[in-house]
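[1] Next one to model:
(one chain, ligands or ions: 1)
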Amino acid sequence: MSYIAVKTIDYAGRIVLPKAYRTKMNLEPGSSLLLQIEDNKLIIEPAEKKCKICECNEIVDDTLPICRDCLEKAKKFDK
Ligand SMILES: [Zn+2]
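    Now for the predicted structure:
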């Protein structure tokens, strides 16, 4: 199945991703997207949320890009 859609940008610069796209790409409200312009194409892809230390995918939140395990290890060194 191919996903092609024509969308109109609203006055605030927003577009709505069709539900089929969000489902296919596992995007939920709050998901981060990486936007790139390459060869005159706009590429939108899920932003990688990886722990900066062990590179697992279970980071605590966007403000602290490390996982709970690494956070606990870091706390031990902090004492
Ligand atoms: Zn980690």
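[2] give me the number of residues near residue 32?
    Residues near residue 32, counting by other C-beta atoms under 10 Å, number 10. Where C-beta positions appear, they are placed from N, C-alpha and C, glycine not excepted.
[3] isn't it right up against residue 50?
    No. Counting by C-beta atoms under 8 Å, residue 32 does not reach residue 50; the two are 11.7 Å apart.
[4] can you give me the strands for this protein?
    Taking DSSP state E, the strands of the chain run over residues 33-38, 41-46, 59-61, 64-67.
[5] Which residues does the first one contact?
    Pointing back at strand 33-38 there. For strand 33-38, the external contacting residues (C-beta atoms under 8 Å, 6 or more residues apart in numbering) are 27, 42-48.
[6] out of those, which are buried?
    residue 27 (16 or more other C-beta atoms under 10 Å).
[7] ok, and for the lowest-mean-pLDDT helix or strand in the chain, which residues are buried?
    The helix or strand of the chain with the poorest confidence is strand 59-61; it has a mean of 75 (mean pLDDT, DSSP states H and E). By neighbour count with 16+ other C-beta under 10 Å, strand 59-61 contains the buried residues residue 59.
[8] Leaving out sequence neighbours, find the closest residue to residue 49.
    Excluding the flanking residues, the one nearest residue 49 by C-beta to C-beta, 6 or more residues apart in numbering is residue 59, at 5.3 Å.
[9] what does the chain have sitting close to the ion?
    Residues of the chain found near the ion, taking C-beta under 5 Å from the ion as the criterion, are 51, 53-54, 67, 70.
[10] Mind picking the two most distant members of these?
    53 and 67 (7.5 Å; C-beta to C-beta).
[11] Could you check which of those two is surrounded by more residues?
    Shown here are residue 53 and residue 67; by other C-beta under 10 Å, residue 67 has more neighbours (21 against 15).
[12] Which pLDDT value belongs to that one?
    Looking at residue 67, its pLDDT reads 88.
[13] ditto for residue 77
    80.
[14] residues contacting residue 47?
    Here residue 47 is in contact with 31-34 (criterion: C-beta under 8 Å, 6+ apart).
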